[in-house]
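Student: this is a predicted model, with the sequence first.
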Amino acid sequence: MYVREAKGSSNCIHKLIVVMYNHDTLICETEVKASSNSSSPKTKSIQNNMLNIEELSLSEKVCYSTLRIEAAIPPNLTSTGTGFLFSFKVNDEFSIPCLVTNKHVIEGSINTSIVITCTLPDGKMSNEKVQVQTSSWKLHPDPDTDLCILPIQPVFQMLASQGKQPFFIPLDENLVPSSEQLDNLSAIEDIIMVGYPDGIWDSYNNQPIIRRGITATHPRNDFNGKGEFLIDAACFPGSSGSPVLILNQGGYVDKKGNLNWGASRVLLLGVMYAGPQHTAEGGITFASLPKTYTNIPNNLGLVIKSSRLMDFKPSLLAMVKL
């Protein structure tokens, strides 16, 4: 299983063309099914005309890289998180698209559901809800790294077989900053975080929520000796798995104060996964009753460096047969 990259795309964010082959690999064992829930957004037409990638701005393209994840946890609980599409490069012609999120987003669930925007044969757009077995997710090889991926090609193939072409714009390896690029960043950089805080989203248009913040520690440094850094942003449950990016459209100032006018910059710094919180103790009138505690976010977020995504690549390449 692999995909062929479409030509003519720009800014390293592009659409992928489905290519499949049959062989016995874990990637092809992903279990998917369309939702039969009539209340799901799958029957809703959201736009009359097909979306044109070339007409989208950088920030609009990023909004088509994320998917809202619903995890079904027995007996009857549902939790939400964020996933984003990332393309692992096989060679100059082929890539493997995966959905990236945190391990704890899917932990304890029996299945996960995602909603994908699709183009119908008549050119209209629709939102299709798809259910995936949790066993199809692949965990990061380091048990202490809170990342997992879902090779998502079987989902796209299933939808395409129904005449529904998925519309998605994955992030890719070209957006992962090199050591030199990290060295050229300032300690304080403007960042955006794209996801679904507290499960909030634009369900009609299948669009995420964009939050803005700054780096709280230098992205080059390993915070407390781990491959992560801190951001200063409003980080709430549901934001886990959100991509954290530097996205400068039309110009930016470098660490030396030079203005790069007319130049855009997009870097995938990492994946949001946690945030420190403090506890506020509330007073209770009757002493015999238990006290109540409220966890209050302090607007700091822990971000796993995007370079850790490359740890998945050896196992993915081992599954590929060209």
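Tutor: Happy to help now that I have it. Please read these numbers as outputs of a predicted model, since none were measured by experiment. Numbering: from 1, shown residues only.

Student: how about the residue nearest the centre of the chain, what does it touch?
Tutor: With distances taken as C-alpha atoms, centre = their mean, the residue of the chain nearest its centroid is residue 84 (1.8 Å). For residue 84, the contact set (C-beta atoms under 8 Å, 6 or more residues apart in numbering) comprises 65-67, 99-101, 170-171, 194, 241-243, 271. For the C-beta atoms, the positions are set from N, CA and C on the backbone; glycine is no exception.

Student: that one and residue 217, how far apart?
Tutor: 22 Å (C-beta to C-beta, to the nearest Å).

Student: can you check residue 196 too?
Tutor: Per C-beta to C-beta, residue 196 is found 25 Å from residue 217.

Student: which of these two has more residues huddled nearby?
Tutor: Between residue 196 and residue 217, residue 196 has the larger neighbour count (other C-beta atoms under 10 Å), namely 27 against 19.

Student: how is the protein partitioned into domains?
Tutor: 2-174+307-319, 175-306 (automatic domain parsing).

Student: what's the first-to-last distance across the last one?
Tutor: It stands for domain 175-306. Start to finish, the residues bounding domain 175-306 are 9 Å apart (C-alpha to C-alpha, to the nearest Å).

Student: if you average pLDDT over that domain, what comes out?
Tutor: For domain 175-306, mean pLDDT is 87.

Student: residues touching residue 184, list them.
Tutor: Taking C-beta under 8 Å, 6+ apart, one finds 254, 255 in contact with residue 184.

Student: go again with 10 Å.
Tutor: By C-beta atoms under 10 Å, 6 or more residues apart in numbering, the residues touching residue 184 are 177, 178, 220, 254, 255, 256.

Student: surely residue 85 is in contact with residue 117?
Tutor: No: taking contacts as C-beta atoms under 10 Å, residue 85 lies outside contact range of residue 117: 11.7 Å.

Student: what sits in contact with each of the two?
Tutor: Shared between the contact lists of residue 85 and residue 117 (criterion: C-beta under 10 Å, 6+ apart) are residues 64, 67, 166, 168.

Student: in PyMOL, how would I select just the buried ones from these?
Tutor: The buried residues among the shared contacts of residue 85 and residue 117 can be selected in PyMOL (16 or more other C-beta atoms under 10 Å) with this line:
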select buried, resi 64+67+166+168
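
Student: what's the closest of the shared contacts of residue 85 and residue 117 to residue 247?
Tutor: Of all the shared contacts of residue 85 and residue 117, residue 247 sits closest to residue 64, with 13.8 Å by C-beta to C-beta.

Student: what bridges to residue 245?
Tutor: Residue 245 has the following beta-bridge partners by DSSP bridges: residue 192, residue 268.

Student: number of nearby residues for it?
Tutor: Residue 245 has 25 nearby residues by other C-beta under 10 Å.

Student: hang on, it packs against residue 62?
Tutor: Yes: between residue 245 and residue 62 a contact is recorded at 6.8 Å, counting by C-beta under 10 Å.

Student: need the overlap of contacts for the two.
Tutor: 84, 171, 192, 194, 210, 266, 268.

Student: which of those residues lies closest to residue 131?
Tutor: Checking the shared contacts of residue 245 and residue 62 one by one against residue 131 (C-beta to C-beta), the nearest turns out to be residue 84, at 19.2 Å.

Student: can you put the shared contacts of residue 85 and residue 117 in CSV and add pLDDT and secondary structure?
Tutor: Output for these, formatted as CSV (pLDDT from 0 to 100; DSSP: H, G, I helix; E, B strand; the rest coil):
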residue, pLDDT, secondary structure
64, 95, coil
67, 97, strand
166, 94, strand
168, 93, coil
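
Student: and which of the shared contacts of residue 85 and residue 117 is nearest residue 183?
Tutor: Using C-beta to C-beta, the shared contacts of residue 85 and residue 117 come closest to residue 183 at residue 64, 30.8 Å.
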